[in-house]
Structures are given as structure tokens and as C-alpha cells.
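Asker: could you look at this predicted model? Sequence included:
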Amino acid sequence: MPPICGRGQGVPGVDDNRRAIVVGFVGGFVKHDDARHAEVQFAAQLRDRYRSAIDVEVFGNHSGNQALRYVLRRTATQRAPKIIIFGHSWGATETISLARELERRGIPVRLTIQVDSIGKPGQDNVTVPSNVAKAINFYQSTGLLHGRSTIVAKDPSRTDILGNFEMSYKNHPIDCDDFPWYARMFTKPHIEIENDPRVWAEAASLIDSELSDGRSTAPSIIASR
């Protein structure tokens, strides 16, 4: 993954006393620290970019309770932190599940980012809870595994769905050589979207906006895909 932003640059408008909490979820049975996966790389780049202004952690999608405890510990000691959650595949479903747990506790979420969201049994990955201010969904529709094409707001007056953006790799292949042969053979589009630098560049742009003045617009990816 290419750098999402300049190393060590300051971030105008970010108040260190109101730090951001960013939680990421990897997909499938991926380990939370597997650096082959874009979610882990993205988190590392966010740490480098924002430094003391941000807390970033990546979890397995089966570690939702651990992620919840992580957020609750930090919200107990920080003044109204901005919470952002992202994930790929099952991790994208866990993104919404964590937001829903925070809703039950009256904790707002600034942004959720779902990348090729695959539903987990008994979990709703379509309806974004009302405590989420903004949400975006990236998906692809080919191969054995393909993501949820549409997310909707539980309360449209409180949640802005920034878009459901379909990504295609028929004429835009992504290098996935670090992944096992069976993943490249059977679920290639699903891992292509995970490794698509366009998706993560848009995610970085949205996060940068939330951590500065909060004025997010429709992602530029709609003109480039």
C-alpha cells in the first residue's frame, strides 16, 4: 500500500485533548497484526500521520468485545473523542456491530467505513445505527465472495450515508501476490478491493476531514473508478 499521506506532518485543527479513537477490523480468520493485510497497514500509516492526536488499534472480527472494552476505556479518560470504525469482509460487519454496541451506551460515532462487507450469522451489516454521523460502503459484486451492495441509515435525519460505491477489477487488476494461491484463485475480487489503494486513499481523506474541520464531501472515487 502506498503512503496515504506525508510522514510526520502536523494535522491542522486537531485538538490533542480531544483525541480520536480509530478501530479497525480485519476479515475472515486473519490475525489482528498480520501486516500483509491493508487494514493493518492502514492503521500503521494513521499512527504515523496523526501521532499523539489519535489512538488506533486493529482487532480480529471475532474480538468485538475486546474492541468495545478498548473504546470504553478510552472514552472514560478522554473529552468527547471522535470515534471512527472501519473494516473489511466480516470485519466490515463487525464495524456496524461495534457501532451498535456503542449506541446502546449513548456513545456517538463520527464515521464508519465498510469494505466489501460480508454478513456474519445473526448480524445486521445493512442498517447503520443512529449514533453514527456518517457512513460509507465500498463493495464489489463478482467472485465467490462479494460484499453488501447497499447500507441504509436507521434514522436518515441523524446519519448521512455518503454512498455505496461499487468497485470493479475487470480492467483494473490489483496486485495480490502476497496472498495464498487459493485466495487469489477463488476470492480474488474480494482481496483486490481490500488492497485497492483508491479505497484506502478515500478512507484516509474522510478521516482527515473528520479530524480537522469535519466537512466531508462525497468521495472523489465516484469520478475515478
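Answerer: Looks like it came in fine. Bear in mind that the values here come from a model prediction, so they are computed numbers and not experimental data. Numbers count the residues shown, from 1 in each chain.
Asker: now the helices for this structure?
Answerer: 38-50, 64-75, 90-104, 181-186, 188-194, 197-211, 221-224 (DSSP state H).
Asker: distance to residue 56, mean pLDDT and mean neighbour count added to those, as JSON lines?
Answerer: Bear in mind the C-beta positions are built from the backbone N, C-alpha and C, glycine included. Formatted as JSON lines, the helices of the chain follow (distance: least, C-beta to C-beta, whole Å; pLDDT from 0 to 100; neighbours: other C-beta atoms under 10 Å):
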{"stretch": "helix 38-50", "distance to residue 56": "5", "mean pLDDT": "95", "mean neighbour count": "20"}
{"stretch": "helix 64-75", "distance to residue 56": "10", "mean pLDDT": "96", "mean neighbour count": "16"}
{"stretch": "helix 90-104", "distance to residue 56": "14", "mean pLDDT": "98", "mean neighbour count": "24"}
{"stretch": "helix 181-186", "distance to residue 56": "26", "mean pLDDT": "81", "mean neighbour count": "11"}
{"stretch": "helix 188-194", "distance to residue 56": "18", "mean pLDDT": "93", "mean neighbour count": "25"}
{"stretch": "helix 197-211", "distance to residue 56": "10", "mean pLDDT": "94", "mean neighbour count": "21"}
{"stretch": "helix 221-224", "distance to residue 56": "22", "mean pLDDT": "46", "mean neighbour count": "12"}
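Asker: not counting sequence-adjacent ones, nearest residue to the residue nearest to the spatial centre of the chain?
Answerer: By C-alpha atoms, centre = their mean, the mean C-alpha position of the chain lies nearest to residue 86, the distance being 1.9 Å. Among residues not flanking residue 86 along the chain, residue 113 sits closest, at 3.8 Å (C-beta to C-beta, 6 or more residues apart in numbering).
Asker: repeat that for residue 67.
Answerer: Leaving aside its sequence neighbours, residue 67 sits nearest to residue 59 (C-beta to C-beta, 6+ apart; 4.5 Å).
Asker: okay, now that neighbour: neighbour count?
Answerer: Using other C-beta atoms under 10 Å, the number of residues around residue 59 comes to 22.
Asker: pretty sure it is in contact with residue 69, am I right?
Answerer: No - checked against C-beta atoms under 8 Å, the pair residue 59 and residue 69 is beyond contact range at 10.4 Å.
Asker: mind listing what residue 137 touches?
Answerer: Contact analysis of residue 137 by C-beta atoms under 8 Å, 6 or more residues apart in numbering lists 114, 117, 147-151, 161, 163-165.
Asker: per-residue pLDDT of it, please?
Answerer: Note for residue 137: predicted pLDDT of 98.
Asker: for it, give the beta-bridge partners.
Answerer: Here residue 137 sits in beta bridges with residue 114, residue 164, going by DSSP bridges.
Asker: ok, so what distance separates it from residue 82?
Answerer: 20 Å (C-beta to C-beta, to the nearest Å).
Asker: do the same with residue 153
Answerer: 19 Å.
Asker: same thing with residue 26?
Answerer: Distance from residue 26 to residue 82, by C-beta to C-beta: 22 Å.
Asker: over to residue 190?
Answerer: For residue 190 relative to residue 82 (C-beta to C-beta), the value is 30 Å.
Asker: over to residue 75?
Answerer: Counting by C-beta to C-beta - residue 75 and residue 82 are separated by 11 Å.
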